[in-house]
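Student: next come a sequence and a model predicted from it.
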Amino acid sequence: MQINLARAELDLEETDHLLHNGRRQLAVMWGAFEPDFETVQADIFRLDAEPDFAVLDQAIDGNPAIARLATTERLSEARRLLARTLAQPDLDLRAGVRYLNDSDDVGLVASLRIPLGSGGRSRAYVNEAEALAAREPLLARDRRLALRATLSGLHQELLHARDRFETYRSRIIPAAEKALADYSHGYDAGRYSLSELSAAQETLLEARIELLSAAAEHHAVRIEIDRLIGAAPDNGVSP
């Protein structure tokens, strides 16, 4: 019991350090260094409903990486059109009227100037622009597939965290509480030893810690999903 007490005191001290650091980090997020609060009200056990994967998949286009790729694709297409335009030779056509003094005649004069070799010199730039324009849609497709795969994995983790949470809340913790009550009555009656009672208490404590861990994981994964699809955490996938 003394060993368990010492370990519990160490765990409590570590928790105090984590709480202090958590207050500091939260204050920094709110634009201050020193926390001007003691407690923060939150219901970590209130889990929002999980959206369907199809809804998240449609919202993935809001990811900034996808938006940047779309902009790059449009820019590459503009460069390709510009390179094609510059590859066309500039024709210089001129026409006019000339008076001939010797014969007292009037003639129509026309001239056409075509630059030689300009098409060959610009072919390399056209090929480069064509290659870049063809590459960007492939990059956008690969990036979107990678984001969808990541989103699918996070969605499964979200559902798994929900299953863990519900199992501990509805099945494991009630059973552990009932077992602890039975062991407490048995200990008072002399049927169980102190070590058996302590084991029952530890089982319930571990179950409550797992419940808290599942709830925290659910919130953390949901935040990552919101970041991935470019949505604000307070409004889910709504624009």
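Tutor: In hand now; what should we look at? Residues are numbered from 1 along each chain as shown.
Student: how many neighbours does A176 have?
Tutor: Neighbourhood size, A176 [other CB atoms under 10 Å]: 20. C-beta here means a position set from N, CA and C on the backbone, and glycine is covered the same way.
Student: hmm, I was thinking of Q201
Tutor: 16.
Student: contact partners for the nearest residue to it once chain neighbours are set aside?
Tutor: Setting aside the residues directly before and after it, Q201 is nearest to L180 in space (CB to CB, 6 or more residues apart in numbering), at 6.1 Å. For L180, the contacting residues are 200-201, 203-204, by CB atoms under 8 Å, 6 or more residues apart in numbering.
Student: which one of those residues sits closest to T39?
Tutor: L204 (25.1 Å; CB to CB).
Student: and the nearest residue to E50 once chain neighbours are set aside, what element?
Tutor: The spatially closest residue to E50, leaving aside those adjacent along the chain, is L158, at 5.4 Å (CB to CB, 6+ apart). Per DSSP states H and E, L158 falls inside helix 118-167.
Student: so how far is R164 from the residue nearest to Q201?
Tutor: L180 is 21 Å from R164, where distance means CB to CB, to the nearest Å.
Student: could you do R144 as well?
Tutor: Per CB to CB, R144 is found 30 Å from R164.
Student: cool, G153 as well?
Tutor: Distance check for G153 against R164: by CB to CB, it reads 16 Å.
Student: looking at the two, which is more packed in?
Tutor: R164 (18 against 11).
Student: and the strands in the protein?
Tutor: With DSSP state E as the criterion, the chain has strands at 92-100, 105-113.
Student: point out where this structure drops to low pLDDT.
Tutor: Counting by pLDDT under 70, the ranges of the chain that qualify are 62-136, 232-239.
Student: ok, which stretches of the chain are helices?
Tutor: For the chain, the helices defined by DSSP state H occupy 2-29, 53-59, 64-87, 118-167, 173-188, 194-229.
Student: wait, which of those helices is closest to R46?
Tutor: helix 194-229 (8.6 Å).
Student: buried stuff in the closest one?
Tutor: Using 16 or more other CB atoms under 10 Å as the test for burial, helix 194-229 gives 197, 200-201, 203-204, 207-208, 210-211, 214-215, 217-219, 221-222, 225-226, 228-229.
Student: again, but for stretch 154-171
Tutor: 154-155, 157-158, 161-162, 164-165, 168-169.
Student: for those, give me JSON lines that also has distance to G186.
Tutor: Shown next, in JSON lines, are the buried residues of stretch 154-171 (distance: CB to CB, whole Å):
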{"residue": "L154", "distance to G186": "45"}
{"residue": "H155", "distance to G186": "45"}
{"residue": "E157", "distance to G186": "40"}
{"residue": "L158", "distance to G186": "41"}
{"residue": "A161", "distance to G186": "35"}
{"residue": "R162", "distance to G186": "35"}
{"residue": "R164", "distance to G186": "30"}
{"residue": "F165", "distance to G186": "30"}
{"residue": "Y168", "distance to G186": "24"}
{"residue": "R169", "distance to G186": "26"}
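Student: list the residues that contact L197.
Tutor: Taking CB under 8 Å, 6+ apart, we find L197 in contact with 183-184, 187.
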